[in-house]
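Q: structure for this input, please:
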Amino acid sequence: MSVIRLESVATYCLLALCSTLAVNAGAQSPEDAQAKIILEKADEIRFPRTGFQVDINVNSTQDGQPSDARKYRVLSKGNANTVVMVTEPASDRGQIILMKDNDLWVFLPDVSQPVRLSLSQRLTGQVANGDLARANFAGDYTPKLLRSESIDGQSFHVLELIAAAKGVTYHRVLYWVNQANNRPYKAEFYSVSNRLLKTARYENYQSMLGTTRPTRLVFQDALRKGEQSVLEYSDMKARELPDRVFTKEYLRRLE
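A: Next up is the predicted model:
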């Protein structure tokens, strides 16, 4: 009987140890937890968590000369539901991009069936589909706090963001966030092969929808020097957006 009891105790202790190791393996380190908090706060500054509408002007240049100009209206709810409508040029009006979870489609006025897209495909200039359709980084990337940097007398967190799943816009992002106010400052976007694709600067902070947010985003191509796209955000407003808005059947009713 005593042998059986000792074996039972040994088995119990082994199971308890395995359980403890599993819990510890899944737990976040303090640095990882801090990185996640920083990323979430920076996301809240860029865009609201609740449903909203915003107009975006995109002006692209090559070697200082205008190459393309477009305007979009974006309806977004969280990080998984977005509609991007082309408002200018007039020739492209009626084109609508729908993002639902990880699926992305474009609807063209003269085509009966939607066309499947990827988040990383180029939309215009240096702007990828995901740059407009995906509202935040925290939902798509696992952050790590790399270091602190001082730029022009201000201190910044430098985060490394690694894609949490396949199909996101970029494989890896380096992200500078102001330590004093959690405002995004700049970002570098990398391919799967760790090649720098482009950089971004978050500028012209103004009050929009109750928070001071960047209203100007400047993308610069790292592969083709002299090519850049400037996104200007305006007229951001809260909007009730029921789930049916983000369905293929509802798109033709949007205004």
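Q: make it CA atoms for all contacts and neighbour counts henceforth
A: Will do.
Q: run through the stretch 1-150 of the chain and note the low-pLDDT ranges.
A: 1-28 (pLDDT under 70).
Q: and the gap between residue 202 and residue 184?
A: Between residue 202 and residue 184 the computed distance is 6 Å (Cα to Cα, to the nearest Å).
Q: more neighbours: these two, which one.
A: Shown here are residue 202 and residue 184; by other Cα atoms under 10 Å, residue 184 has more neighbours (25 against 20).
Q: now do the phi/psi pair for the more buried one.
A: Here is the backbone geometry of residue 184 (degrees, to the nearest 10): phi -60, psi 140.
Q: gap between it and residue 136?
A: 12 Å.
Q: shared neighbours, the two?
A: Counting by Cα atoms under 8 Å, 6 or more residues apart in numbering, the shared contacts of residue 184 and residue 136 are residue 46.
Q: show me where this protein has its helices.
A: Along the chain, counting by DSSP state H, helices occupy 2-26, 30-46, 129-133.
Q: so which elements touch the second one?
A: With contacts defined as 3 or more Cα pairs under 8 Å, 6 or more residues apart in numbering; DSSP states H and E, helix 30-46 has these neighbours: strand 141-151, strand 211-221.
Q: number of nearby residues for the nearest residue to residue 61 once chain neighbours are set aside?
A: In space, and not counting its chain neighbours, residue 61 is closest to residue 67: 4.9 Å by Cα to Cα, 6 or more residues apart in numbering. If you count neighbours by other Cα under 10 Å, residue 67 ends up with 14.
Q: ok, residue 133 next?
A: Counted by other Cα under 10 Å, the residues lying close to residue 133 total 24.
Q: mind listing what it touches?
A: By Cα under 8 Å, 6+ apart, the residues touching residue 133 are 74, 76, 82-84, 99, 119.
Q: of those residues, which belong to strands?
A: Among the contacts of residue 133, the members falling in strands (DSSP state E) are 74, 76, 82-84, 99.
Q: of those, just the buried ones, ChimeraX syntax please.
A: The following ChimeraX line selects those of the ones in strands among the contacts of residue 133 that are buried, judged by 16 or more other Cα atoms under 10 Å:
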select :74,76,82,83,84,99
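Q: out of the ones in strands among the contacts of residue 133, who's nearest residue 214?
A: residue 74 (16.0 Å; Cα to Cα).
Q: report the contact partners of the closest one.
A: Per Cα under 8 Å, 6+ apart, neighbours of residue 74: 53-56, 82-85, 132-133.
Q: and the gap between the closest residue to residue 50 other than its chain neighbours and residue 134?
A: Ranked by Cα to Cα, 6+ apart and with sequence neighbours excluded, the top spatial neighbour of residue 50 is residue 77, at 5.7 Å. Using Cα to Cα, residue 77 is found at 10 Å from residue 134.
Q: what's near enough to touch the closest residue to residue 175 other than its chain neighbours?
A: Spatial nearest neighbour of residue 175, excluding adjacent residues (Cα to Cα, 6+ apart): residue 187 at 4.5 Å. Taking Cα under 8 Å, 6+ apart as the criterion, residue 187 is in contact with 173-176, 199-201.
Q: among those, who's most crowded?
A: In terms of neighbour count, residue 176 stands highest of these at 26 neighbours, by other Cα under 10 Å.
Q: distance check, that one against residue 189.
A: Applying Cα to Cα to residue 176 and residue 189 gives a distance of 12 Å.
Q: now the end-to-end length of stretch 220-239.
A: Across stretch 220-239, the terminal residues are separated by 32 Å (Cα to Cα).
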